[in-house]
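**Student:** With the sequence up front, the predicted model follows.
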Amino acid sequence: MKSKIITFALVIAMFAGPAMADLTIPLISFRTGPYAANGIPIADGYTDYFTLINERDGGVGGQKIVMPECETGYNTEKGVECYEATKQKAVLYQPVSTGLNYQLIPKASADQIPIHSIGHGRTSAANGAVFKWIFNYPTNYWAGASVAVKYLLKENNGDLTGKSIALVHHNSAFGKEPIPTLEILADKHGFNFTALAVDHPGQEQKSQWLQIRREQPDYVLLWGWGVMNPVAINEAVNVRFPLENMIGVWWSGSESDVLPGGKNSDGYKALAMHASGANFGVYGDLKTFVYDKGLAAGNGDQMGTVLYNRGLYSAMLAVEAIKTAQEIHGVSQVTAPMVRDGMETLVVTEELMANLGFENFAPEIEATCDNHGGQGLAAVRQWDAETKSWTMLTDFIAPDNDVINPLITADSEAYAAEVGIELRCE
C-alpha cells in the first residue's frame, strides 16, 4: 500500500507541476511482478521512442510529449487506478493487457479518450462502427489464429482433414480469445481441436502436457504470456513434442520466452506482427539522440528484442496518429478526441515507415471509420538457438476474412445491443 501511494503521489505531482508538456501519453507499465520480463522491454522501447521524438524533433508539431509512468505489476485493478489518476490530461492510452483493456473500454469511451490495444484486447473492437474510441491495429487475436491455421494448411498441401490441433492457453480473457475462431476453422477445414487452459501465472502445466503426450496432437498453438511461455516450451521438450510443430501467438514469441530454454528452444515458432532486430534506421537516431545522451529508459540490454521493438512500434503509431490529428484539425495542441480522429484516419505506408527508419518492419496500415483493426496480417518466424535470433519463415499473411469479419460483426453488434450503442459509419 505504501508503494502504491508513493506511485500515485508522483503521478499527481507530475500533473500539478508547471513544466507539464503539451501532449500527455501515460504509460501504464509492469516492470515488476510475474510478467516483468515482458513489461520491461516494452516500456523501455515505448519510452525511448518518445524521448527520441522530443530530443530530435522537439516533440510532435512543436508539442513535447510527457509520459507519466504508473507501475501496476500487471494487476488489472491497479491499472484501472492508474488510468483514473492520469486521465485528466491524457490524449491516448496504449495498455498492454487484455484484462485491463476490457475494463477500460467503457471507461475510456465515456471519457472520450482513445485506446490503442496493439494486437491485443477485445478483438471485436476492430469494428469502429461500435467501438468509436478503441483501436487494435495492425492485427488481432482472431486474425492471428487464422494466420496460424493458414500456415499449417500450406505446410500440409492445403488439407488439414483428420489432423489435430491443441491450444495451450492462458486461462484468462487473453487466452480464451482465439477459441471461437479455432472452433469454426476446425469445422471448416476438418481438423480436431482441443483447448487446454493453464492458470495464472502458468508455472504448473504438467497435466496439460501429459494430456498432449497421451493424445499426440499434430500441432500445438501457444497463447501464453510471461513465465508461462518458457515453461510450456520446457514441458513440450520433456514430453518430446517437436517444437517445429508448435506456434505461439506474438505475445509468446519474444526472447524472454526462448532464452531460458537454451538449446532446447531451438526450432520453436511464433507469429509476428513486426520484425525483430536492431538493423533499422531508427536505431541510428536512437543512438545519437537517446542512448549516447544517457537518456535511455533501460540498461541497454533490450535493444532489438521483439518486445522492445513492439514498444517502439506502438509509440511510432501514436506519434503518427497525433501528426494526422494535427493536420486534420489545423492545430498542434490536440485533444484526446482530436487524436481519436487521427487514429481513425491513420495511413501508414511502406514509404512512410522507410522515412521513419522502420523500412520492412511491419505491414502497411489503413484505418477507417468502420475498420479500427487494420488489415490483420501476421507472419511466422522461428527461433535459432545457436545464433539467438529469429528468422522469418513467411511473408506477412492475410487472415481468412470470410471467417473473421462475420465473427467481429456479430460480437461487436451484440455488445452494442447490450449496452445501447448506436451504430455509426453509415
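**Tutor:** Sure, I can see it.
**Student:** and the residue nearest to His274 when sequence neighbours are not counted, helix, strand or coil?
**Tutor:** Counting by C-beta to C-beta, 6 or more residues apart in numbering, His274 lies nearest to Ala362, which is 4.0 Å off, once chain neighbours are set aside. C-beta: built from backbone N, CA, C; applies to glycine. When classified by DSSP: H, G, I helix; E, B strand; the rest coil, Ala362 comes out as coil.
**Student:** surely Ala362 meets Leu352?
**Tutor:** No. Assessed by C-beta atoms under 8 Å, Ala362 is found out of contact with Leu352, at 11.1 Å.
**Student:** Compare the two (neighbour count), which wins?
**Tutor:** Shown here are Ala362 and Leu352; by other C-beta atoms under 10 Å, Ala362 has more neighbours (23 against 14).
**Student:** per-residue pLDDT, that one?
**Tutor:** pLDDT, the model's per-residue confidence, is 98 for Ala362.
**Student:** Ala195 - that's part of a helix, no?
**Tutor:** No. Per three-state DSSP, Ala195 lies outside any helix segment and is strand.
**Student:** which residues pair with it across the strands?
**Tutor:** Leu167 (DSSP bridges).
**Student:** Now for it: which residues touch it?
**Tutor:** With contact set as C-beta atoms under 8 Å, 6 or more residues apart in numbering, Ala195 has these partners: Ala166, Leu167, His169, Ile179, Leu182.
**Student:** Chain neighbours aside, what residue packs nearest to Gly261?
**Tutor:** Nearest non-adjacent residue to Gly261, counting by C-beta to C-beta, 6+ apart: Ile233, 5.1 Å away.
**Student:** One more: Ala367?
**Tutor:** Distances taken as C-beta to C-beta, 6+ apart put Leu346 closest to Ala367, at 4.7 Å, once the chain neighbours are dropped.
**Student:** if I read this right, Ile28 contacts Gly73, doesn't it?
**Tutor:** No. Using C-beta under 8 Å, Ile28 is not in contact with Gly73; the gap is 10.9 Å.
**Student:** neighbour count winner among these two?
**Tutor:** Ile28 (26 against 17).
**Student:** The more buried one - that's part of a strand, no?
**Tutor:** Yes. Under three-state DSSP, Ile28 falls within a strand.
**Student:** Look up how far Val339 lies from it.
**Tutor:** 17 Å (C-beta to C-beta, to the nearest Å).
**Student:** Asn229 now?
**Tutor:** The gap separating Asn229 from Val339 is 33 Å, by C-beta to C-beta.
**Student:** okay, those two: which has more neighbours?
**Tutor:** Just comparing Asn229 and Val339: by other C-beta under 10 Å the higher neighbour count belongs to Asn229, 31 against 26.
**Student:** helix or strand right after the host helix or strand of that one?
**Tutor:** Element membership for Asn229, per DSSP states H and E: helix 228-238. Remark: after helix 228-238, the chain's next helix or strand is strand 246-248, criterion DSSP H and E.
**Student:** quick one: strands adjacent to that next one?
**Tutor:** Sheet pairing of strand 246-248 (DSSP bridges) gives strand 219-223 (parallel), strand 269-272 (parallel).
**Student:** quick one, domains of this protein?
**Tutor:** According to automatic domain parsing, the chain comprises the domains 2-139+276-375+406-419, 141-272.
**Student:** Rebuild the strands paired with strand 246-248 as JSON lines, extending it with mean pLDDT and distance to Gly62.
**Tutor:** Below are these laid out as JSON lines (pLDDT from 0 to 100; distance: least, C-beta to C-beta, whole Å):
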{"stretch": "strand 219-223", "mean pLDDT": "98", "distance to Gly62": "43"}
{"stretch": "strand 269-272", "mean pLDDT": "98", "distance to Gly62": "35"}
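**Student:** Save these as TSV, and put in distance to Asp285 and mean neighbour count too.
**Tutor:** Below are the strands paired with strand 246-248 laid out as TSV (distance: least, C-beta to C-beta, whole Å; neighbours: other C-beta atoms under 10 Å):
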stretch	distance to Asp285	mean neighbour count
strand 219-223	35	27
strand 269-272	23	26
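**Student:** Redo these as CSV? Include distance to Leu312.
**Tutor:** Converted to CSV, the strands paired with strand 246-248 look like this (distance: least, C-beta to C-beta, whole Å):
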stretch, distance to Leu312
strand 219-223, 24
strand 269-272, 15
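**Student:** Of all those strands, which one is nearest Tyr415?
**Tutor:** strand 219-223 (21.9 Å; C-beta to C-beta).
**Student:** Just checking the distance from the lengthiest helix in the chain to the centre of its chain.
**Tutor:** Looking across the chain with DSSP state H, the single longest helix is helix 306-329. Offset of helix 306-329 from its chain centre (C-alpha atoms, centre = their mean, to the nearest Å): 14 Å.
**Student:** So which elements touch it?
**Tutor:** Helix 306-329 sits against helix 36-57, strand 115-116, helix 255-258, helix 336-344, strand 347-348, with contacts defined as 3 or more C-beta pairs under 8 Å, 6 or more residues apart in numbering; DSSP states H and E.
**Student:** can you list those in a markdown table and add distance to Ile404 and mean pLDDT?
**Tutor:** Shown next, in a markdown table, are these (distance: least, C-beta to C-beta, whole Å; pLDDT from 0 to 100):
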| stretch | distance to Ile404 | mean pLDDT |
| --- | --- | --- |
| helix 36-57 | 26 | 97 |
| strand 115-116 | 20 | 98 |
| helix 255-258 | 26 | 97 |
| helix 336-344 | 20 | 98 |
| strand 347-348 | 21 | 98 |
